[in-house]
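Just the structure for this:
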Amino acid sequence: MAYVFDPAELHAIVRDVVGPPIEELIPPLLERLVDRWPKHINPNLNWVLNNAGGAMGMMTFLHASVTEYLIIFGSPIGTEGHTGRFVADDYFMILDGEQWAYSPGELERRVYRAGDSHHLPKGYAGGYRMPDKCWALEYARGFIPAMLPFGTADTFSSTLDLRSTARAYYLYGTQAVRQLARGKV
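Below is the predicted model of the structure:
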């Protein structure tokens, strides 16, 4: 299957733009992404709250399709929770702040800082914490619709924030349909 994005290329772009505060970092990040993938990046930032695996943050979809998504995800105050276990590879490339992570059997945390990439391979799960503010460019590739229940289950078990969940599904769905119309799964 041909994917639009390459994780190594996305990570190189992230490493090139890290350093400034997140509000100064996002415009050059978007510019590089749009320059490289003009037909596949949505530069309009439509932020939506997201609760998943016990963690809360906010995200904006830069790309969404049946087989890939690219979002900016994070929190200005930190959070922690379960990573989820997916039929997709997930790359969490730190833009600003810090993420701590562990997997079953690891007795010490792994620490990811600005410019680092945390790869969660398909079928694996763990725990993570963003101890303070943390923002990341998150790229997933695989069967994305199977990830959606994890991304919204907390809505029905705790937050009852149906508005944010409906908005997230709308934003994902409209971009995925646009990609399908372009012939990209």
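
tell me the contacts of Glu138?
Met59, Tyr69, Leu70, Ile71, Ile72, Phe73, Asp90, Tyr91, Phe92, Met93 (C-beta atoms under 8 Å, 6 or more residues apart in numbering). Backbone N, C-alpha and C define where each C-beta goes, glycine included.

The last one touches Leu120, doesn't it?
No - counting by C-beta atoms under 8 Å, Met93 stays clear of Leu120, with 12.0 Å between them.

For Tyr91, see how far away Leu10 is.
7 Å (C-beta to C-beta, to the nearest Å).

distance of Leu25 from Trp135?
8 Å.

what do these two both touch?
Leu95, Asp96.

Could you check which of the two has the larger neighbour count?
Legend: neighbour count by other C-beta atoms under 10 Å for Leu25 and Trp135, higher for Trp135 (25 against 19).

List the buried residues in stretch 98-110.
Glu98, Gln99, Trp100, Ala101 (16 or more other C-beta atoms under 10 Å).

so where do the helices sit in this protein?
Remark: helices assigned in the chain by DSSP state H are 7-17, 22-36, 148-154, 162-181.

can you give me the angle the second one makes with helix 7-17?
Orientation check (axes from the mean of the first three to the mean of the last three C-alpha atoms, to 10 degrees): helix 22-36 against helix 7-17 gives 140 degrees.

Going by neighbour count, which residues of helix 22-36 are buried?
Buried, per 16+ other C-beta under 10 Å, within helix 22-36: Ile22, Leu25, Ile26, Leu29, Leu30, Arg32, Leu33.

Can you tell me which of those is closest to Ala52?
The closest of the buried residues of helix 22-36 to Ala52 turns out to be Ile22 (C-beta to C-beta; 20.5 Å).

Pick out the residue closest to the middle of the chain.
Most central in the chain under C-alpha atoms, centre = their mean is Glu138, positioned 3.0 Å from the mean C-alpha point.

and the gap between it and Val17?
15 Å.

next one: Cys134
Taking C-beta to C-beta, one finds Cys134 at 16 Å from Val17.

Beta-bridge partners for His82, please?
Beta bridges link His82 to Gly127 when assigned by DSSP bridges.

Just the C-alpha atoms of the strand ranked longest in the chain, please, in CSV.
Longest strand of the chain, by residue count under DSSP state E: strand 88-102. C-alpha atoms of strand 88-102 as CSV (Å, rounded to 0.1, in the frame of the first residue of the first chain):
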residue,chain,number,x,y,z
ALA,A,88,-1.7,1.0,13.1
ASP,A,89,1.8,2.3,13.7
ASP,A,90,1.8,5.6,15.6
TYR,A,91,4.6,8.2,15.6
PHE,A,92,4.5,10.9,18.3
MET,A,93,7.1,13.5,17.3
ILE,A,94,7.6,16.0,20.1
LEU,A,95,7.4,19.7,19.0
ASP,A,96,7.6,21.3,22.5
GLY,A,97,7.7,19.9,26.0
GLU,A,98,8.3,16.4,27.1
GLN,A,99,6.6,13.0,27.1
TRP,A,100,7.4,10.1,29.4
ALA,A,101,6.5,6.5,28.3
TYR,A,102,6.8,2.9,29.3
